[in-house]
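> Have a look at this prediction, sequence included:
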Amino acid sequence: MAGDDTWWRTGVVYQIYPRSFADASGDGVGDLEGIIRHLDHLAGAPESLGVDAIWLSPIYPSPGYDLGYDISDFAAVDPLFGTEADFDRLVAEAHRRGLRVILDLVVNHTSSEHPWFTASRVAREGPYRDRYIWRDPAGTDAQGRPVPPNNWVSYFGGPGWEWDPGRGQFFQHTFLAEQPDLNWRDPGTLADVSEMIRGWLERGVDGFRMDVFNAYLKDERLCSNPLRPGRSAWARQAHVRDKDQPDLPVLLAAIRALVDEEPGRMTVGELFDGDVERAAGLTADRHLVFDFELLGTPRSAAAIGRVLDRREHAFGTHRWPTVVLSNHDQPRQVSRWVAGLDHDAVARLSAMLLLTLRGTPFIYYGEEVGMPGIVVPNDVAFDPPARRAGPALPWWNRDQARAPMPWTSEPGAGFTTGVPWLPLPEDWATRNVAAQRTDNRSVLSFFRAMLALRRATPALHAGAMTRLAHRTPGVLGFRRWTADSRALVLLNLGRRDVTVTLDQDAAAEAWAPALGTLGSASPGVGRAGRIRLAALEGVVLLDR
């Protein structure tokens with residue numbers, strides 16, 4: 001797809017969880033045809049949101065032990081979602097609307113039903129003998145059972161090693177035993193994964209989200225992790241041996257160079273159990289890294305400000321961050337922040353924060369209508385760790401962030417004509433795309449306006465950022481600027497109306513209100529650099 005090669009930096013990415021976006025077949029599970037039918041919602045039509053790319057969570061064949069993150073064929077489409085022709089048509093239709101397509105690249109591990117693993121576990125000889133991390137036992141216990149090679153544990157609970165009686169060795173798994181980790185120190189792994197990546201690039205894919213990419217390499221000697229205090233078995237280890245190895249940048253450079261062979265392509269890495277400094281350190285041109293600290297930050301100007309200060313210090317001016325407030329693994333932003341407040345006001349304020357911070361924003365499907373999370377008891381969860389959650393494994397059920405998208409007020413919410421695979425949000429009959437599309441005061445209308453403003457304002461989609469030095473509690477303020485564009489953003493995250501006095505630098509400039517979260521009567525700057533903000537009100541002002 002021809003076009004601006006800086007789209008990964010200036011554009012906005014929309015994450016689609018395919019099972020939950022739109023179901024065209026009526027089986028209750030979202031599919032590729034459903035996505036195609038709703039592309040105009042995203043781009044290419046007068047009523048579109050105006051995003052630049054879609055990221056699809058896994059669409060590959062999978063037994064489903066971890067809902068698609070246990071992949072049995074990296075190079076194909078799961079029939080649950082459609083056909084190979086459906087995928088090619090999705091790419092073509094997305095490109096026709098100016099939308100890039102990003103796929104999930106889940107290559108820390110495979111399914112235990114992948115042909116590579118089937119071949120690897122049969123014998124200790126052959127081309128796949130070292131494709132996974134196999135090791136002899138460290139000995140036997142008092143009952144004569146084999147003892148794992150080291151103390152590594154699974155992020156999903158239990159040991160990080162599984163005994164395979166056929167091969168007579170343990171294999172390592174960071175997640176489920178049905179998700180054996182690949183051995184990236186085997187040259188064949190990079191060769192085969194590279195062939196797969198080239199195949200998707202040839203089919204028009206514009207980029208990849210690299211799942212848990214900092215866990216690809218493990219300590220060569222497989223030494224045990226040091227111990228530390230913590231609530232769970234995972235937290236009680238310092239994970240210096242089973243991820244974040246010193247030679248990881250070399251491997252990432254090889255994968256990124258492959259993607260760079262095609263103009264305009266990009267990657268974004270999911271930093272697994274890491275901090276903002278690590279995210280910044282692994283970031284490169286056209287290769288972003290998620291920094292997830294905002295996902296757990298409360299609705300507090302002071303707390304968010306501290307996060308932004310850490311992020312700006314870590315990334316500096318030469319590396320480009322990401323901005324994420326919700327995703328498929330964490331509680332939805334509006335549900336985290338609403339706490340009895342006006343739901344739409346919180347959703348609009350969150351949208352303004354997401355789309356004005358420095359970095360590439362990632363919108364999670366449903367955010368544009370203020371979609372809340374759902375409640376799913378652990379005993380009926382699809383999410384594997386949720387079913388084993390307890391005092392030894394504190395876990396938030398990820399199903400609760402993956403509800404079907406509400407499109408209309410018709411039965412099935414326009415998502416399906418069948419029975420949805422997960423419950424719909426409680427307010428789906430009134431909070432849906434159709435109900436909000438023609439309402440100028442809706443969350444959806446605000447998202448469209450905010451996206452249009454961001455696209456039209458270089459300061460917002462490409463500029464530097466500095467926080468305002470003001471003393472008004474509850475208010476987050478920052479400036480964005482380029483050589484010929486300036487923007488001022490003020491967000492009152494508190495429950496009370498306030499008057500903000502701008503710092504000397506901001507007050508010295510002439511500002512005009514461009515967009516506010518409470519409607520057309522956006523506040524302007526008064527005398528002595530003062531501006532009045534209602535509770536949960538945000539405003540973007542541009543230089544005159």
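Nice, I can see it.

> What residues does the closest residue to residue 248 other than its chain neighbours make contact with?
Once flanking residues are discounted, residue 248 sits nearest to residue 217: 5.2 Å by C-beta to C-beta, 6 or more residues apart in numbering. Yep, even glycine has a C-beta here, placed from its N, CA and C like the rest. Taking C-beta atoms under 8 Å, 6 or more residues apart in numbering as the contact definition, residue 217 lies against 184, 185, 243, 245, 247, 248, 251.

> Determine the three-state secondary structure at residue 217.
For residue 217, the secondary structure call by DSSP: H, G, I helix; E, B strand; the rest coil comes out as coil.

> Can you name every helix or strand that the lowest-mean-pLDDT helix or strand in the chain contacts?
The helix or strand of the chain with the poorest confidence is helix 504-507; it has a mean of 87 (mean pLDDT, DSSP states H and E). Applying 3 or more C-beta pairs under 8 Å, 6 or more residues apart in numbering; DSSP states H and E, we find helix 504-507 packed against strand 475-482.

> which secondary structure elements does the helix or strand following the strand it packs on contact?
Proceeding N to C from strand 475-482, the next assigned helix or strand is strand 485-492, under DSSP states H and E. On a contact count with 3+ C-beta pairs under 8 Å, 6+ apart, strand 485-492 meets helix 343-356, helix 458-462, strand 475-482, strand 498-501, strand 530-533, strand 538-543.

> can you dump the C-alpha coordinates of the fourth one into PDB?
When you say that, I think you mean strand 498-501. Extracted C-alpha coordinates of strand 498-501, given in PDB (Å, rounded to 0.1, in the frame of the first residue of the first chain):
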ATOM      1  CA  VAL A 498     -11.700  24.700  39.000                       C
ATOM      2  CA  THR A 499      -9.900  27.700  37.700                       C
ATOM      3  CA  VAL A 500      -6.500  27.000  36.200                       C
ATOM      4  CA  THR A 501      -3.800  29.700  36.100                       C
END
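
> ok, residues contacting that strand?
Here strand 498-501 makes contact (C-beta under 8 Å, 6+ apart) with 470-475, 477, 490, 492, 507, 528-533.

> how about a cut-off of 7 Å?
Defining contact as C-beta atoms under 7 Å, 6 or more residues apart in numbering, one finds that strand 498-501 is touched by 470, 472, 474-475, 477, 490, 492, 528-533.

> among those, which ones are buried?
Applying 16 or more other C-beta atoms under 10 Å to the contacts of strand 498-501, the neighbour count classes 470, 472, 474, 475, 477, 490, 492, 529, 531, 533 as buried.

> Max pairwise distance over those: which two?
474 and 529 (18.2 Å; C-beta to C-beta).

> who are the neighbours in contact with the most centrally placed residue in the chain?
Among the residues of the chain, residue 327 comes closest to the average C-alpha position under C-alpha atoms, centre = their mean, at 4.8 Å. Residues near residue 327 by C-beta under 7 Å, 6+ apart: 15, 364.

> Residue 297 now?
Contacts here follow C-beta under 7 Å, 6+ apart; on that basis residue 297 touches 303, 304, 307.

> So the last one belongs to a helix, correct?
Think residue 307. Yes - under three-state DSSP, residue 307 falls within a helix.

> I'd like to know how many residues surround it.
Residues lying near residue 307 (other C-beta atoms under 10 Å) number 17.

> since we're on the closest residue to it other than its chain neighbours, how many residues are nearby?
Leaving out its chain neighbours, the residue that sits closest to residue 307 by C-beta to C-beta, 6+ apart is residue 293, at 4.9 Å. Residues near residue 293, counting by other C-beta under 10 Å, number 18.

> Cool, thanks, talk later.
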